[in-house]
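Novice: below are the sequence and a predicted model for it; my questions follow.
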Amino acid sequence: MSERHLGRLDVYPNAGALAAGLADLFCNVAETAQTERGAFYVALAGGTTPTAAYKLLASDAYSERISWGDVYVYFGDERCVRPDDPLSNYKNAYDALLSHVPIPAGNVHRMQGEIDPAQAATAYAQILREDLGEYLRFDLLMLGLGKDGHTASLFPGTDPLTDNDRLVRATYSKATQTNRISITPKVINSARVIAIATEGPDKAAALGIARQGPYDPTACPAQIVDPPASSDFIWLVDELAAGMLTKR
């Protein structure tokens, strides 16, 4: 196989600095997209690090940098729960960010975690095709990294390229015994900017494998993130997560 696009590694001293870096990246990509193409298409992620960034983005210092009427929000994955469930990625983003900024409700496209997972995946894929067109290029796609090496809701044990052309598919987390909905690598690797944010010592081993371990995306699905050179691929991590990397 050709050499992988491992992405740029940005290491921050602590979780707070990492959240600020992710919020700044969000604003910078939004400003570029809105200036060059008139709109900003972003796929949000769940998890602790993105939530901290969302709270910053809701503050005046950040939110005033963005034309929210031209922001279109999507999600990379979702748990199969109701949108008002505390485990919902949509609820998390709504509570931390979307309810605090003047984004039109029609610009926010959530995955329907409360219906049959396969039906929800098919419906969301149709939304992506209609809104993003043939090339499916998010301006910014935000991801996290699990302790088991998963990203989005692509979990170890299944080839992450399964049903890749479907764009969105139903998945299952053995660790938490929960059904999920996830975009596929075809959508991930088409984004203009891909940002994987992770923090803490419990992520160090997974980060080391994802970036420097043997290539086996069925064991470490995060390795499937391998966009073309024309895309920006950035890892935003704190010092604790970077602790097992042999080179920076």
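Specialist: Arrived safely, thanks for sending.
Novice: for the longest helix anywhere in the chain, which positions count as buried?
Specialist: If you go by DSSP state H, the chain has its longest helix at helix 15-37. For helix 15-37, burial by neighbour count (16 or more other C-beta atoms under 10 Å) applies to 15, 18-19, 21-23, 25-27, 29-30, 33-34. For the C-beta atoms, the positions are set from N, CA and C on the backbone; glycine is no exception.
Novice: nearest to Pro214, of those residues?
Specialist: Pro214 has its nearest neighbour among those in Leu18, at 27.3 Å by C-beta to C-beta.
Novice: chain neighbours aside, what residue packs nearest to that closest one?
Specialist: Tyr12 (4.1 Å; C-beta to C-beta, 6 or more residues apart in numbering).
Novice: ends of stretch 141-151, how far apart?
Specialist: Stretch 141-151 has an end-to-end distance of 12 Å (C-alpha to C-alpha, to the nearest Å).
Novice: can you give me the mean pLDDT across that stretch?
Specialist: Mean pLDDT, stretch 141-151: 97.
Novice: do stretch 235-248 as well
Specialist: Averaged across stretch 235-248, the pLDDT comes to 90.
Novice: now that stretch: buried residues?
Specialist: Trp235, Leu236, Val237, Asp238, Glu239, Leu240, Ala241, Ala242, Met244, Leu245.
Novice: next one: phi and psi at the third one?
Specialist: In this case it means Val237. Backbone torsions for Val237, taken as degrees, to the nearest 10, come to phi -140, psi 160.
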